[in-house]
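Take this sequence and fold it.
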Amino acid sequence: MDTVVRTKVKDLLKSEAGQVVLAKGWVRTKRGNKGVAFIALNDGSTINNIQIVVDKTAFPEELLAKITTGACIGVTGDLVESLGGGQAVEIQAKSIELYGECDPMRYPIQKKDITMEYLRTVAHMRMRTNTFGAVLRIRNQMAFAIHQYFHNKGFVYLNTPLITESDCEGAGQMFQVTTLDLTQPLPKTKKGDIDYSGDFFGKQTSLTVSGQLEGELGATALGEIYTFGPTFRAENSNTPRHLAEFWMIEPEMAFYDIVDNMNLAEDFIKSLVKYALDNCYDDIKFLNDKYDPELLERLQGVIGTEFVRLEYTEGIKILEEAIANGTKFEYPVYWGVDLQSEHERYLVEKHFQKPVILTGYPKDIKAFYMKQDENGKTVRAMDVLFPKIGEIIGGSEREASLEKLEARITELGMSRKNLEWYIDTRRFGSCPHSGFGLGFERLLLFVTGMSNIRDVIPFPRTPKNAEY
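Residues are numbered from 1 along each chain as shown. Below is the predicted model:
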């Protein structure tokens, strides 16, 4: 007899009945009566299980007793039309191989309804659940869609460094990288500062908070680039929206002004949502039905909606009006304040009921590299605000003027020593250019309907938590 080659469950469920097949995977459930057992088998390729029908008289009792939730098995059998509802085909088992037993007394995720909080305590096992299988398949598809989008537009994928000496955001919330022996007294300079000359890089270095500044180097040479990689923020924020290690997509484009930048951001996000609906429908439908009954409607609404373009000053007026009419916010609202998530969500969910691109922010609450408006008070920044999330994209037209950039660096008291290479882009052939950053996990929060950012990344890194 010819050897039967394994077929993935997602392909078996679309196959014609009447053939001998081999399925391998993990047992989700086993139930049955005296003569027949029904095994739900899943291999991670789809949210859906394939049903295995087992004639108990044809298999040793000891083997069947070991086939418990979580066990790993291989099943060869006839693919037949299913008599039960829920699936078109099922497998009538001819032979079963037990690859790995699973102790039902110790297996941490065999109950049907487990809280997300509990699953975070067993994050190494939570990928076996339907929920995290769905989330991680969507994450995979979204990563592919991002590369495909920029590739089709002729952008160059630029790999920017994870170890750097520059603080892009100027906030100082960086993880330091060192090979100095921290069990010994640290070497000091004559001034009393830490002497890094004997460190691996010979200077103080940290994990990057953004690849943007290096991305600008790429844009001013290659035209249009994007980065897609991990970034790190040593921000002590234990919230459902913050991670210490997360992934960022950061395009930078020469000859784009702020309007071009907004147009690209809107098209990009709509394309990703459409791709998700076209390629991840089963997983999204599962999450919609289990966690967020408005998820599908919200995603479909984004594709066919023109985003609102709103000046920051107008946004403040709307929020002040809302307060005057009785709306309560935890944080204050006034011109010059950095808007909080509650303010952003009010504009999106209550006032406009559609995504908003907020522009024209006060200079004093934005980064040094943003292009200043003629009024000297605002900069050409833009934030894309989404329902349930708040800010999902942040970007700006970059300051192309050498004089203005240098003046802003001086005004903020930033060290020029680590930025001379960046300033060179304005010294030698400066050009108008723009860019933005999309937090990958923020995008996944929106696409999956999950409420906590720790549930859209396989191994979350948060304050006091670096397991695995």
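
show me where the stretch 151-300 of the chain has strands.
Here the stretch 151-300 of the chain has its strands, by DSSP state E, counting those that start in this stretch, at 156-157, 163-164, 176-177, 205-207, 224-232, 245-254.

Select the longest strand from the protein.
In terms of residue count, the longest strand belonging to the chain (DSSP state E) is strand 19-32.

Flag the shaky bits of the stretch 1-150 of the chain, pLDDT-wise.
When residues are selected by pLDDT under 70, those of the stretch 1-150 of the chain lie in 1-2.

give me every residue that touches the residue at the greatest distance from the centre of the chain.
Distance from the centre of the chain peaks at residue 57, with 48.7 Å (CA atoms, centre = their mean). If a contact means CB atoms under 8 Å, 6 or more residues apart in numbering, then residue 57 has residue 35 as its contacts. Any C-beta I mention is one placed from the backbone N, CA and C, and that applies to glycine too.

buried residues in stretch 245-255?
Along stretch 245-255, these residues count as buried under the neighbour rule (16 or more other CB atoms under 10 Å): 245, 246, 247, 248, 249, 250, 251, 252, 253, 254.

need those residues in JSON lines with pLDDT and distance to residue 277, can you?
Conversion of the buried residues of stretch 245-255 to JSON lines gives the following (pLDDT from 0 to 100; distance: CB to CB, whole Å):
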{"residue": "245", "pLDDT": "96", "distance to residue 277": "28"}
{"residue": "246", "pLDDT": "96", "distance to residue 277": "24"}
{"residue": "247", "pLDDT": "97", "distance to residue 277": "22"}
{"residue": "248", "pLDDT": "97", "distance to residue 277": "24"}
{"residue": "249", "pLDDT": "98", "distance to residue 277": "19"}
{"residue": "250", "pLDDT": "98", "distance to residue 277": "25"}
{"residue": "251", "pLDDT": "98", "distance to residue 277": "23"}
{"residue": "252", "pLDDT": "98", "distance to residue 277": "28"}
{"residue": "253", "pLDDT": "98", "distance to residue 277": "27"}
{"residue": "254", "pLDDT": "98", "distance to residue 277": "32"}
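
As a markdown table, these with distance to residue 393 would be great.
Converted to a markdown table, the buried residues of stretch 245-255 look like this (distance: CB to CB, whole Å):
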| residue | distance to residue 393 |
| --- | --- |
| 245 | 20 |
| 246 | 14 |
| 247 | 14 |
| 248 | 11 |
| 249 | 9 |
| 250 | 10 |
| 251 | 10 |
| 252 | 14 |
| 253 | 14 |
| 254 | 19 |
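
Closest one of these to residue 137?
residue 247 (16.4 Å; CB to CB).

Disregarding flanking residues, what is the spatial nearest neighbour of the closest one?
Beyond its immediate neighbours in the sequence, the residue positioned closest to residue 247 (CB to CB, 6 or more residues apart in numbering) is residue 440, lying 3.8 Å away.

isn't the one you found right up against residue 246?
Yes: counting by CB atoms under 8 Å, a contact exists between residue 440 and residue 246, whose distance comes to 6.8 Å.

So residue 73 versus residue 287, what's the distance?
Distance of residue 73 to residue 287, computed by CB to CB, to the nearest Å: 27 Å.

Also residue 118?
Note on residue 118: its distance to residue 287, by CB to CB, is 18 Å.

all strands of the stretch 351-468 of the chain, in order?
Chain-ordered strands for the stretch 351-468 of the chain, with DSSP E, counting those that start in this stretch as the definition, fall at 356-362, 378-386, 390-397, 433-439.

Now do the end-to-end distance for stretch 62-75.
Start to finish, the residues bounding stretch 62-75 are 16 Å apart (CA to CA, to the nearest Å).

Mind listing residues that contact that stretch?
Judged by CB under 8 Å, 6+ apart, the contacts made with stretch 62-75 from elsewhere in the structure are 6, 22-30, 37, 39, 41, 52, 54, 56, 91, 93, 95-102, 104, 107, 109-110, 128.

Report the buried members of the residues you listed.
In the contacts of stretch 62-75, the ones that pass as buried (16+ other CB under 10 Å) are 22-28, 30, 37, 39, 41, 52, 54, 91, 93, 96, 102, 107, 109-110, 128.

how close does the residue lying closest to residue 389 once chain neighbours are set aside get to residue 216?
With sequence-adjacent residues excluded and distances taken as CB to CB, 6+ apart, residue 389 is closest to residue 446, at 5.4 Å. Using CB to CB, one gets 27 Å for the distance from residue 446 to residue 216.

which parts of stretch 263-283 are buried?
With the criterion 16+ other CB under 10 Å, stretch 263-283 contains buried residues 264-266, 268-277, 279-280, 283.

Please apply the same query to stretch 377-393.
378-393.

Same check on stretch 322-342?
Neighbour counts using 16+ other CB under 10 Å place 322, 333, 339, 340, 341 of stretch 322-342 among the buried residues.

Then stretch 112-123?
116, 119, 120, 123.
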